[in-house]
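Student: My questions concern the predicted model and sequence given below.
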Amino acid sequence: MSSRLLGWCHLFGLLVVLSIALAGCDSKPEPPIIFEEQMLVMGTIVNVTIAGEDEQLSHKAFHDLLTDFKYMQAAWNPWKKGSLARVNHLLPMQSKFSIGPALKDMLGQSRILEQKSQGLFTPAIGKLVKLWQFHQEEMPQGPPPSDEQIQKIIATKPQLSALTLTGLTLISNNPEVLLDFGGFAKGYGVDKAVNHIKELSINNAIVNAGGDLRAIGSKGGKPWVIGIRNPRAESVIASLSIIGDESVFTSGDYERFYDYQGKRYHHILDPRTGYPADKASSVTVVHNDAATADAAATALFVAGPDKWEEIANSMGISQAMLIDKAGNIFISPALNARIKFVDRQKKNIRVSEKFSQ
């Protein structure tokens, strides 16, 4: 989805975990011990919250995740020295070369998600991301790229289908394909982190990466309460309660953008046109798998109000919400049944009738 690996430091968090008041008294059970630490990795703040566990075990989990995220940061950067940068250096040569098991797994999952999204999510547009300069930590200051430059890349239709992966051997038949897992790597990394937490027999936790998160279990038997950001204000537009195992990911045009001559250019690029998708302001997806939620949020944002339901059904998404440029809210029945809006009666909410799940 666009490039977020290098730009996550500019994300202000699409979701926030809202605290739950747990006032103790003689007639009520003691509130659970809450462990919370944060790390700055991959350009974003990752918060780890663990409820009701031994402090020593919680510290071990945190330091394990810190080590893992630092590895991901080094390995998955498309442009700086590391595993993915090496792949991007070799792909245009159109010769066979070997890759590591982690990248093989990422490519395998991404290929499936690309197909299900009808190509609206694709990590194959790294060259387009670089052309727009969204691969840099600082936003561009000058004009956007020329249409001629954009069309030269789009004409080749960069997709993961251009790559042939046999075992750990990779080859590309399209020199315009470069990989940028920005619309997937955060979710993939969060899944890896939560799976490790589970392996440590920790059952109640949240891993929150720059506002996108996966929550498991509960907070002392009470739900984790998640706030969903208003795309046009520094406020919460709705909240969602989670008990169990769910991921909540949002893509928005306020994450990474710059203005030029009165027009906003954001980082969520439409692979069909080569330009920033212009029909939505944010999309929130709830799913048990963080990588799927991450990719789907990108794909539904690109799809816009006219096609988002079709893409959601294709990707197996039953809980999603899209807010368009005018502030209209489109929501699936499954998510509408559980979400709590701030001043619902004042919002133009349209519950979709086209979701198959």
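Tutor: Nice, I can see it. Residues are numbered from 1 along each chain as shown.
Student: hang on, Tyr258 packs against Glu138?
Tutor: No - contact criterion CB atoms under 8 Å: Tyr258 and Glu138 do not qualify, at 9.5 Å. Using the backbone N, CA and C atoms, a C-beta is placed for each residue, glycine as well.
Student: For the stretch 51-200 of the chain, which segments are assigned as helices?
Tutor: Taking DSSP state H, counting those that start in this stretch as the test, the helices found in the stretch 51-200 of the chain are 55-75, 83-90, 101-116, 126-131, 147-154, 185-199.
Student: a markdown table for these, including mean pLDDT?
Tutor: Shown next, in a markdown table, are the helices of the stretch 51-200 of the chain (pLDDT from 0 to 100):
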| stretch | mean pLDDT |
| --- | --- |
| helix 55-75 | 96 |
| helix 83-90 | 97 |
| helix 101-116 | 97 |
| helix 126-131 | 95 |
| helix 147-154 | 97 |
| helix 185-199 | 97 |
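Student: Please convert the ones you listed to a markdown table, extending it with distance to Ala162 and mean neighbour count.
Tutor: Putting these into a markdown table (distance: least, CB to CB, whole Å; neighbours: other CB atoms under 10 Å) gives the following:
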| stretch | distance to Ala162 | mean neighbour count |
| --- | --- | --- |
| helix 55-75 | 22 | 16 |
| helix 83-90 | 13 | 18 |
| helix 101-116 | 11 | 18 |
| helix 126-131 | 12 | 23 |
| helix 147-154 | 13 | 14 |
| helix 185-199 | 20 | 22 |
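Student: Nearest approach to Leu160 belongs to which of these?
Tutor: Leu160 sits nearest to helix 101-116 of all the helices of the stretch 51-200 of the chain, at 4.8 Å, using CB to CB.
Student: Can you list the low-confidence ranges for this protein?
Tutor: Residues of the chain meeting the criterion pLDDT under 70: 1-29, 357.
Student: re the thing from before, neighbour-wise, which of Tyr258 and Glu138 wins?
Tutor: Counting neighbours by other CB atoms under 10 Å for Tyr258 and for Glu138 shows that Tyr258 has the greater number, 18 against 10.
Student: so the more buried one sits in a strand?
Tutor: Yes - judged by DSSP: H, G, I helix; E, B strand; the rest coil, Tyr258 forms part of a strand.
Student: Is Tyr208 located within a strand, as I assumed?
Tutor: No Tyr there; residue 208 is Asn. Yes - membership of Asn208 in a strand is supported by three-state DSSP.
Student: Run a quick neighbour tally on it.
Tutor: 24.
Student: Please tell me I have it right and it contacts Thr49.
Tutor: Yes - the criterion here is CB under 8 Å, and Asn208 meets it with Thr49 at 7.3 Å.
Student: any idea how far Ser281 is from Asp343?
Tutor: Distance of Asp343 to Ser281, given as CB to CB, to the nearest Å: 18 Å.
Student: The two: which has the busier surroundings?
Tutor: Ser281 (21 against 8).
Student: May I have the secondary structure class of that one?
Tutor: Ser281 falls in the strand class when you classify it by three-state DSSP.
Student: contacting residues around the nearest residue to it once chain neighbours are set aside?
Tutor: In space, and not counting its chain neighbours, Ser281 is closest to Pro231: 4.2 Å by CB to CB, 6 or more residues apart in numbering. Counting by CB atoms under 8 Å, 6 or more residues apart in numbering, Pro231 touches 237, 252-254, 281-282, 323.
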